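Engineer: A predicted structure for the sequence below; I have some questions about it.
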Amino acid sequence: MNKRAGIGFYLFLIIFVFLVMFPFIWVFLTSIKPPGEIFSSFRWFTKNPSLDSYEAALTNRPLLRYMLNSFAVSSLTTILSLAFASFTAYAVTRLPIKGKGLILGLVLAASMFPQIAIISPMFNLVTGLGLRNSYMGLVIPYITISLPLAIWILATFFKKIPFELEESAKLDGASPFQTFRKIIFPLAAPGVFTTGILVFIAAWNEYLFALTINSDDMWRTVPVGISMYQSQYSVPWGDISAATVIVTIPIVILVLFFQKRIVSGLTSGSVKE
């Protein structure tokens, strides 16, 4: 017999959602306040809502260009990371390779290195290749930091697929690549999709490499571009808040639009029959 959730549960849920959403709510309310009112009072709501901050955010800095750069870099990183990670995860989990645990352990160890520890060799590598102030100059280090996460997540999903399907494909004369392309990869699609969303968001929000490698304003990404709004003697919180709202909307829409696929990917294989 199913029990209905009590009032306490819904009260806790409301408080939890409010705490999670509070930063974004505050940023949005700040973005519609007139600039002179942001520091003059700490009231939540303004009596004179204004879109001046949004206009300033789009005109004072090339915000749309920043968004285009972030979208291009994040998309390339996601596509390449999924390609490399899917082949690696398939080989480690499905093929008779010795030292599988050691390989996954090394992958996990690589993900533990802080970004600041590898920024110097990455900067030298990108500079030597002549890729500074370009999309590929960021894609290379982004793949480096996103591959361990992608490999581990995909390896988990590939392990859940029954080996009998693969054996049947071998009996039919399928090669390992054909088995991967026609059987394993389609069955792991929810996990691949979830991994892609996580990699995309991580690349979209990355700051350190973007700040160091792409110094030209026309090649900056969203996190670095927003940090450039401040001047030497003032911080235009209204412009920064408006820019934050603008660049967050696409990510929120992306997550909401693919919410069912993301949940399906995160819960796939978690319940055994």
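Structural biologist: Yep, it's here.
Engineer: all contacts plus neighbour counts: C-alpha atoms, from now on.
Structural biologist: Fine.
Engineer: Now tell me which helix or strand of this structure has the poorest mean pLDDT.
Structural biologist: helix 259-267 (a mean of 61; mean pLDDT, DSSP states H and E).
Engineer: So this protein: which segments form each domain?
Structural biologist: By the assignment in automatic domain parsing, the chain contains the domains 1-61+229-249, 63-221.
Engineer: Out of these, which is the most enclosed?
Structural biologist: Sort the domains of the chain by mean neighbour count, taking mean count of other C-alpha atoms under 10 Å, and domain 63-221 sits at the top with a mean of 18.
Engineer: Mind naming the longest helix for the chain?
Structural biologist: helix 63-94 (DSSP state H).
Engineer: helix/strand/coil for the most centrally placed residue in the chain?
Structural biologist: Among the residues of the chain, the one closest to the centroid is I201, at 1.5 Å (C-alpha atoms, centre = their mean). Following DSSP: H, G, I helix; E, B strand; the rest coil, we place I201 in the helix state.
Engineer: Low-confidence ranges, the stretch 151-273 of the chain, go.
Structural biologist: Scanning the stretch 151-273 of the chain for pLDDT under 70 picks out the ranges 232, 259-273.
Engineer: Do a quick rundown of the helices in it.
Structural biologist: 163-171, 176-179, 185-187, 189-205, 208-213, 222-227, 237-257, 259-267 (DSSP state H, counting those that start in this stretch).
Engineer: circling back to that earlier point, of all the domains of the chain, which lies closest to V255?
Structural biologist: domain 63-221 (7.9 Å; C-alpha to C-alpha).
Engineer: Endpoints of the closest one, how far apart?
Structural biologist: Start-to-end span of domain 63-221 (C-alpha to C-alpha, to the nearest Å) is 9 Å.
Engineer: any weak-confidence spans in the stretch 1-150 of the chain?
Structural biologist: For the stretch 1-150 of the chain, counting by pLDDT under 70, the residues that fall below are 1-5, 40-41.
Engineer: Now do the helices in it.
Structural biologist: Under DSSP H, counting those that start in this stretch, the stretch 1-150 of the chain gives helices at 7-31, 35-38, 52-60, 63-94, 100-111, 115-128, 135-160.
Engineer: could those helices be laid out in a markdown table, adding distance to N205?
Structural biologist: Output for the helices of the stretch 1-150 of the chain, formatted as a markdown table (distance: least, C-alpha to C-alpha, whole Å):
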| stretch | distance to N205 |
| --- | --- |
| helix 7-31 | 15 |
| helix 35-38 | 26 |
| helix 52-60 | 19 |
| helix 63-94 | 9 |
| helix 100-111 | 17 |
| helix 115-128 | 14 |
| helix 135-160 | 11 |
